[in-house]
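# Sequence and predicted structure, then a few things I'm wondering about:
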Amino acid sequence: MNILEAIILGIIQGVTELLPISSTGHLTVAGKLMNLISNNKPQEWTAFMAVIQLGTMASIIIYFWKDLINILIYFWKENVKSRTKFNSQSLQSRTGWFIIVGTIPVVMIGLLFKKVIEGAFTKELYVIGINLIVFAIILAAAEKIGKRKKTEKDISLPDSLFIGIAQAFALIPGASRSGTTITGALFCGLQREDAARFSFLLSVPAVLASGLLEFYESLTWLNNTMWINLIVSTVTAGICGYIAIDFLLKYLRNHSTFLFIYYRIIAGVLILLLIWYNFIQF
């Protein structure tokens with residue numbers, strides 16, 4: 001990998017991680033086209049994708065830093081210092097509980113199926129192509145069924161658990177973390193912008209933990225050149241991620257997610273056609 005390729009991958013990660021279109025799918029296709037994925041060492045590519053997620057995670061933390069600080073402060077005050085009853089807690093403290101509850105499913109499933117996720121299944125392009133289409137259809141169903149009457153203030157513990165279970169499906173290549181969580185939130189009746197906001201907040205613990213773990217485990221195979229490429233990709237992903245967050249929140253105030261649904265279906269069909277005609281190897 002050279003610097004230009006690292007920048008391109010960082011841009012792809014930053015944009016596709018935070019829009020509901022699957023960063024794993026786009027990065028894997030890009031890696032295949034650039035001949036960067038080794039069939040003998042698929043875990044290195046998986047680790048690379050996980051580590052540069054720290055760039056997009058940094059963009060989420062920077063964008064929502066006031067919200068995150070308030071969540072931590074009020075959660076500490078109302079659960080550790082004063083032991084306030086849940087129903088009497090502030091929105092910020094309750095949001096802390098929602099994030100905890102919503103993170104449990106992805107942690108449990110991630111630990112149970114870590115080897116499968118990091119194995120050959122991760123780089124199977126036909127799986128990615130199919131899942132881009134399947135989860136686009138599910139998102140379309142959420143758009144049609146969801147009542148979109150709830151705001152962040154109306155989220156409940158069952159809602160957060162359901163959205164957390166939806167987030168766990170993001171472990172499947174081609175699903176998209178923001179896509180599955182926004183889908184789950186729409187099914188729960190949240191308005192689109194509030195669904196996206198909660199999706200971003202919910203992603204912080206899981207993505208931060210997985211990124212740091214993969215970074216630690218990747219230290220054994222990182223050399224000086226890899227370090228430079230990884231840093232370049234991560235920084236680029238962070239910058240592009242911040243722009244993507246701002247775009248998505250503003251876009252969803254007045255628009256549906258069908259732009260992304262149509263894009264996912266087209267991208268999925270295109271990947272399957274490329275495989276069918278042997279332009280890329282799955």
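Thanks, I have it. What you see is a predicted model; the values in this text were computed from it and never measured.

# Where does the prediction get shaky in the chain?
The chain contains residues with pLDDT under 70 at 38-43, 114-123, 222-223, 281-282.

# need the longest helix for it.
The longest helix of the chain (DSSP state H) is helix 224-252.

# Which of the residues in that helix are classified as buried?
Neighbour-count burial for helix 224-252 flags 229-230, 232-242, 244-245, 248-249, 251-252 (criterion: 16 or more other Cβ atoms under 10 Å). In short, each C-beta sits where N, CA and C put it, glycine included.

# And the helices in this structure?
Using DSSP H, helices in the chain cover 3-18, 23-33, 42-63, 65-76, 91-112, 114-118, 125-145, 157-168, 177-187, 192-218, 224-252, 258-276.

# Minimum distance to Thr84: which of those has it?
For Thr84, the closest of the helices of the chain is helix 91-112, at 7.4 Å, according to Cβ to Cβ.

# What helices and strands are in contact with the closest one?
Where contact means 3 or more Cβ pairs under 8 Å, 6 or more residues apart in numbering; DSSP states H and E, helix 91-112 is packed against helix 65-76, helix 157-168, helix 192-218.

# Now do the second one and helix 125-145, the angle between them.
This points to helix 157-168. Calculated by axes from the mean of the first three to the mean of the last three Cα atoms, to 10 degrees, helix 157-168 forms an angle of 150 degrees with helix 125-145.

# Please apply the same query to the first one.
Computed with the same axes, to 10 degrees, the direction of helix 65-76 lies at 80 degrees from that of helix 125-145.

# Alpha carbons of helix 65-76, as CSV, please.
C-alpha atoms of helix 65-76 as CSV (Å, rounded to 0.1, in the frame of the first residue of the first chain):
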residue,chain,number,x,y,z
TRP,A,65,-18.3,16.0,22.4
LYS,A,66,-20.8,18.2,24.3
ASP,A,67,-23.4,15.5,24.3
LEU,A,68,-21.0,12.8,25.4
ILE,A,69,-19.5,14.9,28.2
ASN,A,70,-23.0,15.7,29.5
ILE,A,71,-24.0,12.0,29.3
LEU,A,72,-20.9,11.1,31.4
ILE,A,73,-21.5,13.9,33.9
TYR,A,74,-25.2,13.3,34.5
PHE,A,75,-24.8,9.5,34.5
TRP,A,76,-22.2,9.8,37.2
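
# got a list of contacts for that helix?
61, 89-90, 92-93, 95-97, 99, 201, 204 (Cβ atoms under 8 Å, 6 or more residues apart in numbering).

# Taking those together, which two end up most distant?
The widest separation within the contacts of helix 65-76 (Cβ to Cβ) is 23.0 Å, between Ile61 and Gln89.

# who's more crowded, these two?
Higher neighbour count among Ile61 and Gln89: Gln89, with 19 against 16, using other Cβ atoms under 10 Å.

# Buried residues of stretch 197-215, list them for me.
Neighbour counts over stretch 197-215 (16+ other Cβ under 10 Å) mark 197-208, 210-211, 214-215 as buried.

# In CSV, could you pull the C-alpha coordinates for that stretch?
Extracted in CSV, the C-alpha atoms of stretch 197-215 (Å, rounded to 0.1, in the frame of the first residue of the first chain):
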residue,chain,number,x,y,z
ARG,A,197,-28.0,10.8,16.2
PHE,A,198,-28.7,7.8,18.5
SER,A,199,-27.0,5.6,16.0
PHE,A,200,-23.8,7.6,16.2
LEU,A,201,-23.9,7.8,20.0
LEU,A,202,-24.6,4.1,20.3
SER,A,203,-21.6,3.2,18.1
VAL,A,204,-19.0,4.9,20.4
PRO,A,205,-18.4,2.0,22.9
ALA,A,206,-18.4,-0.9,20.4
VAL,A,207,-16.3,0.8,17.7
LEU,A,208,-13.9,2.3,20.1
ALA,A,209,-13.3,-1.0,21.9
SER,A,210,-13.0,-3.1,18.7
GLY,A,211,-10.7,-0.5,17.1
LEU,A,212,-8.4,-0.3,20.1
LEU,A,213,-8.3,-4.1,20.4
GLU,A,214,-7.5,-4.6,16.8
PHE,A,215,-4.8,-1.9,17.0
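
# which non-adjacent residue is nearest Gly179?
Pro20 (3.3 Å; Cβ to Cβ, 6 or more residues apart in numbering).

# and what of Leu9?
In space, and not counting its chain neighbours, Leu9 is closest to Ser233: 5.1 Å by Cβ to Cβ, 6+ apart.
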